[in-house]
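Undergrad: model this:
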Amino acid sequence: MKTTALIYYENGFNKSDGSLVHCLVQYSQKYNIVGVLDSTKTGQDVGQLLDGISNGIPIYKSTEYAIKRLNARPECFIYGVSFSGTKVEEKERHIFFEAMKYGMHIINGTSQFFTDDKGFVDYAKKYQVTITDVTKPVPRDQLHNFTGRIQGMSTPVIAILGTDSSIGKCLVAQKLIESFKEEGLLAGFVATGRTGLLLGAKHGVAIDQLTSEFAVGEIEHAILEADEGQFYDLIIIEGQAPLSHPSATSTFAILKGALPDAIIVQHAPKRRHYDTHPDISIQSLQAEIDFIEESAGPYVMAITINQENMLEKEIDDVIEEYEEVFQIPVTDVMTHGCDKLINQICQLFPDLQHLRNSII
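TA: Down below sits the predicted model:
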């Protein structure tokens, strides 16, 4: 059975993307989300905020209030807020301490490792709970260098990249994996950041926590590990910040280590500035695609749309416009599904189409 969990997501629904909560609610292999903490949205339903459909997961103003309302104390407390700093503020430290007092294990997806913080460690010992830093890399002597073995791999690898960070790449990956499953095809998933790892991905690494010496090798190792025994019909790997991002380089390592056979790009047409750099304009979709194809080799096979701040009619208009301009399939997986993506992938990799036909 899945572990019950409460997510701390203060003011998160007001940010540019809610894919972390959306993914955890729909696709987590580890956690059953029973509530979300966000004092700015108290009393609302998580599903209604994410896609307009109630899912029965309430939003609470505080841990104490949630504990009183829930039938049973959640087993885990997940930090779900986007975090780009180096230190959790003192106010938020007390939120974690309160969760530990209630006997909840802490699941931390930030780049500040709580297991290295004496205050957190002492609290955990006092209340006999555990702390899991999901993005903390294994010891240096257990990391892997690039070997080149991935060049001989026959299983198709599809990378989901984007024109910004926090734009829904992991959500697209999960929707695509689910859609392939409905077709009778099994797609493996390789996580490269906190969202994928929090989902309980069997394979992956928090790429932005590694030095350049090991980043490419760890991605290659994760892909080869996923392909061991040729259990999957194809493998999907999530990207991180775009190649054009002013301060992040992790996707370069992902492309070098994974050597993807094809790429899908997630784009938010209404987003004008980088999520972590609101004073810097995002590169155009055409510029990002050109950059990807110049850097990676394989061409971009499809575009997916993040519908933030868009009306339904606008989504349809953008899909039509982009398909005419880029001459590749375009879809919003949340409103239009993944049929276009699956058909394009199967067209590119005939063995998948043969397998699909044999199942049908």
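Undergrad: what about the chain, any weak spots by pLDDT?
TA: 14-18, 82-86, 360 (pLDDT under 70).
Undergrad: residue ranges for the strands of the stretch 251-360 of the chain, please.
TA: Using DSSP state E, counting those that start in this stretch, the strands of the stretch 251-360 of the chain run over 262-267, 273-274, 277-281, 300-305, 330-331.
Undergrad: Phi, psi for the residue most central in space within the chain please.
TA: When C-alpha atoms, centre = their mean is applied to the chain, the residue found nearest the centroid is Cys170 (3.2 Å). Taking degrees, to the nearest 10, you get phi -70, psi -40 for the backbone angles of Cys170.
Undergrad: Next up, the contacts around it.
TA: Contacts here follow C-beta atoms under 8 Å, 6 or more residues apart in numbering; on that basis Cys170 touches Ser19, Leu20, Cys23, Ile160, Ala191, Gly193, Thr195, Gly196, Leu199, Glu238. To be clear about C-beta, it is placed using only N, CA and C from the backbone, and glycine gets the same treatment.
Undergrad: With adjacent residues omitted, what lies nearest to it?
TA: Thr195 (4.4 Å; C-beta to C-beta, 6 or more residues apart in numbering).
Undergrad: The one you found: what's it in contact with?
TA: Ser19, Leu20, Cys23, Leu24, Gly109, Cys170, Glu238.
Undergrad: With Gly47 instead?
TA: Contacts of Gly47 (C-beta under 8 Å, 6+ apart): Val25, Ile53, Ser54, Asn55, Gly56, Ile57.
Undergrad: Please enumerate the helices of the stretch 51-200 of the chain.
TA: In the stretch 51-200 of the chain, the helices defined using DSSP state H, counting those that start in this stretch lie at 63-69, 90-101, 118-126, 169-182, 194-198.
Undergrad: among those helices, which is nearest Phe326?
TA: Set against Phe326 and scored by C-beta to C-beta, the helices of the stretch 51-200 of the chain come closest in helix 169-182, at 16.8 Å.
Undergrad: Only C-alpha atoms, please: export stretch 135-144 in PDB.
TA: The C-alpha coordinates for stretch 135-144 follow below in PDB (Å, rounded to 0.1, in the frame of the first residue of the first chain):
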ATOM      1  CA  THR A 135      17.900  14.800  -4.200                       C
ATOM      2  CA  LYS A 136      20.900  13.900  -2.100                       C
ATOM      3  CA  PRO A 137      23.500  12.100  -4.300                       C
ATOM      4  CA  VAL A 138      25.100   8.800  -3.200                       C
ATOM      5  CA  PRO A 139      28.600   9.000  -1.900                       C
ATOM      6  CA  ARG A 140      31.200  10.000  -4.400                       C
ATOM      7  CA  ASP A 141      32.800   6.500  -4.600                       C
ATOM      8  CA  GLN A 142      29.400   5.100  -5.700                       C
ATOM      9  CA  LEU A 143      29.000   7.500  -8.700                       C
ATOM     10  CA  HIS A 144      29.600   6.500 -12.300                       C
END
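Undergrad: What are the contacting residues of it?
TA: By C-beta under 8 Å, 6+ apart, stretch 135-144 touches 109-111, 113, 115, 193-194, 197, 205-206, 208-210, 214, 217-218, 220-221.
Undergrad: Tell me the buried residues in it?
TA: Thr135, Pro137, Leu143, His144 (16 or more other C-beta atoms under 10 Å).
Undergrad: Much appreciated, bye for now.
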